[in-house]
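K.L.:
Any chance you can model this:
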Amino acid sequence: DEPALTNLVKMALHYEGWDVEVAHDGQEAIAKFDKVGPDVLVLDIMLPDVDGLEILRRVRESDVYTPTLFLTARDSVMDRVTGLTSGA
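P.N.:
Just a heads-up that it's a prediction; the model follows:
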């Protein structure tokens, strides 16, 4: 949800040879996931409308186990535990 960070991550992944799809909110992320079927997810916990944890829960409920990485400003131990127990 931070445009500068989004662009930085996108450029870095492109540089490494990845094709990158960017979503600016949770609903867009879910729609793109369903359409594209990515090889990996990079999510922020704090997104407008649907947060990254809920996106991952929905993905896992459909028996899809795409590797997932959370990039977030939240840094509490509980946030880490929640991310891991959600399937990241």
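K.L.:
Spatially central residue in this protein, please.
P.N.:
In the chain, the centroid-proximal residue (Cα atoms, centre = their mean) is Leu43; its distance is 1.9 Å.
K.L.:
Quick check, that residue in contact with Ala29.
P.N.:
Yes. If you go by Cβ atoms under 8 Å, Leu43 and Ala29 touch, sitting 7.2 Å apart. For every residue, glycine as well, the C-beta is placed using N, CA and C.
K.L.:
what sits in contact with each of the two?
P.N.:
Ile55 (Cβ atoms under 8 Å, 6 or more residues apart in numbering).
K.L.:
picking that back up, got a list of what the residue nearest to the centre of the chain touches?
P.N.:
Counted by Cβ under 8 Å, 6+ apart, Leu43 has contacts Ala29, Gly52, Ile55, Leu56, Thr68, Leu69, Phe70, Leu71, Ala88.
K.L.:
Name the SS class of the first one, please.
P.N.:
Reducing the assignment at Ala29 to three states with DSSP: H, G, I helix; E, B strand; the rest coil gives helix.
K.L.:
contact partners of the helix or strand hosting Lys10?
P.N.:
Using DSSP states H and E, Lys10 sits in helix 3-15. If you take Cβ under 8 Å, 6+ apart as the criterion, helix 3-15 is touched by Val20, Val22, His24, Val42, Leu71.
K.L.:
can you redo those as TSV with neighbour count?
P.N.:
What follows is those, written out as TSV (neighbours: other Cβ atoms under 10 Å):
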residue	neighbour count
Val20	14
Val22	13
His24	12
Val42	18
Leu71	13
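K.L.:
Among those residues, pick out the one closest to Asp34, please.
P.N.:
Val22 (15.7 Å; Cβ to Cβ).
K.L.:
Against Val59, how distant is the closest one?
P.N.:
Using Cβ to Cβ, to the nearest Å, we find Val22 at a distance of 17 Å from Val59.
K.L.:
How about Val50?
P.N.:
12 Å.
K.L.:
Please identify which of the two sits among more neighbours.
P.N.:
Val59 (21 against 16; other Cβ atoms under 10 Å).
K.L.:
which helices and strands sit right next to the host helix or strand of the more buried one?
P.N.:
Under the criterion of DSSP H and E, Val59 resides in helix 52-61. If contacts are counted by 3 or more Cβ pairs under 8 Å, 6 or more residues apart in numbering; DSSP states H and E, helix 52-61 sits against helix 26-36, strand 41-43, strand 68-70, helix 77-85.
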